[in-house]
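# predicted coordinates and the sequence they were generated for:
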Amino acid sequence: MDTPTTRHLQAAQQTQTIEDSDGRTLTIRRLTALDRLRLFKAAGPSLAQNHLWLGMATLACSTASIDDIPVPPPTNEAQIEALVSRLGDPGLAAIAHALRPQHQADQVTQAGN
C-alpha cells in the first residue's frame, strides 16, 4: 500500500553514489528531519546556531559510506569534525554539488551555455 508515510520513508532511504576529485566513491543521502535534529544535538547549543559550521556539518553528515565502508552518523562535535577532516575539501565539494537543489543545478548548466 502506497501511503504518504511509506513514500516519506522510502525517500529518506534513497542514496546516491558520487565520486570526489580524489577518486573516492561516496554514498550520500539527504538528511531527514530526525537526522537534522540529531545533528543539532551532536553540535550542541552554540554550534547549532552557527550557520556556516552547521552547513559544513550537514554536508558531512549526509555521508553514508566512503569507498563502500559505512560511515556511522556522528554523535558529538569531535566526530563531526573528524568526518569533515576525513572528507576534506574534495569530498565536501562533491557532496555539496550532488545535494544542490535541481533548479540551482539547471541554472548553473544554463549559465555555462
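Alright, I've got the coordinates. Bear in mind that the values here come from a model prediction, so they are computed numbers and not experimental data.
# use CA for all of it now, contacts and neighbours both
OK.
# can you give me the helices for the protein?
4-13, 33-47, 51-61, 77-99, 102-111 (DSSP state H).
# gap between the residue positioned nearest the centre of the chain and Ala78?
Closest residue to the average C-alpha location of the chain: Ser62 at 2.3 Å, with C-alpha atoms, centre = their mean. Distance, Ser62 to Ala78, by C-alpha to C-alpha, to the nearest Å: 16 Å.
# check Asn50 too.
On the measure of C-alpha to C-alpha, Asn50 and Ala78 end up 16 Å apart.
# looking at the helices of the chain, which is closest to Gly23?
Among the helices of the chain, helix 77-99 comes nearest to Gly23, with 9.2 Å by C-alpha to C-alpha.
# the closest one packs against which elements?
Counting contacts by 3 or more C-alpha pairs under 8 Å, 6 or more residues apart in numbering; DSSP states H and E, helix 77-99 packs against strand 16-19, helix 33-47, helix 51-61.
# again, only using 6 Å
The contact analysis (3 or more C-alpha pairs under 6 Å, 6 or more residues apart in numbering; DSSP states H and E) places helix 77-99 against no helix or strand.
# mind pulling up the pLDDT for Gln14?
You'll see Gln14 listed with a pLDDT of 89.
# now it. Its backbone dihedrals?
Dihedral pair for Gln14: phi -70, psi 130, per degrees, to the nearest 10.
# backbone dihedrals for the closest residue to it other than its chain neighbours, please?
Leaving aside its chain neighbours, Gln14 sits nearest to Arg29 (6.3 Å; criterion: C-alpha to C-alpha, 6 or more residues apart in numbering). Here is the backbone geometry of Arg29 (degrees, to the nearest 10): phi -150, psi 150.
# Arg29 and Ala60 touch, don't they?
No - using C-alpha atoms under 6 Å, Arg29 makes no contact with Ala60, being 10.5 Å away.
# the two: which is more packed in?
Ala60 (26 against 22; other C-alpha atoms under 10 Å).
# what's the pLDDT at the more buried one?
So Ala60 comes in at 98 (pLDDT).
# now do Asn113
Asn113 is given a pLDDT of 54.
# over to Gly23?
97.
# and Ala57, by the same measure?
As predicted, Ala57 sits at a pLDDT of 97.
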